[in-house]
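In: the sequence isn't on hand, but the structure is:
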């Protein structure tokens, strides 16, 4: 089960990466262990609509205001987590 972030800002970049990996693995229907944090999201297999949904879910989960203008398919999970962490 994925938990939503609270106002406690103690989450690390690795926590955020883990959350994204789980969500991406669910979308592309593969094991989390094969999802690399250094591969662009589109190369992992996310389509544009799936990327928009991921960004929306990530925005809700993290309590940040994200958009595909800030994070696009060429971003890796590692880069995406860095953007989120910087917004917290």
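Out: Thanks, I have it. Just so it is clear, the structure is predicted and the values come from calculations on it, not from any experiment.
In: tally of neighbours for residue 32?
Out: Counted with other Cβ atoms under 10 Å, residues neighbouring residue 32 total 12. The way it works is simple: take the backbone N, C-alpha and C, and place the C-beta from them, glycine included.
In: ditto for residue 51
Out: Considering only other Cβ under 10 Å, residue 51 is surrounded by 19 other residues.
In: hang on, it in a strand?
Out: No - applying DSSP: H, G, I helix; E, B strand; the rest coil, one finds residue 51 to be helix, outside a strand.
In: that one and residue 10, how far apart?
Out: Per Cβ to Cβ, to the nearest Å, residue 51 is found 27 Å from residue 10.
In: same check, this time on residue 55
Out: Counting by Cβ to Cβ, the gap between residue 55 and residue 10 amounts to 23 Å.
In: what do you get for residue 31?
Out: 28 Å.
In: residue 55 and residue 10: which is more packed in?
Out: A direct count of neighbours by other Cβ under 10 Å for residue 55 and residue 10 places residue 55 higher, at 21 against 8.
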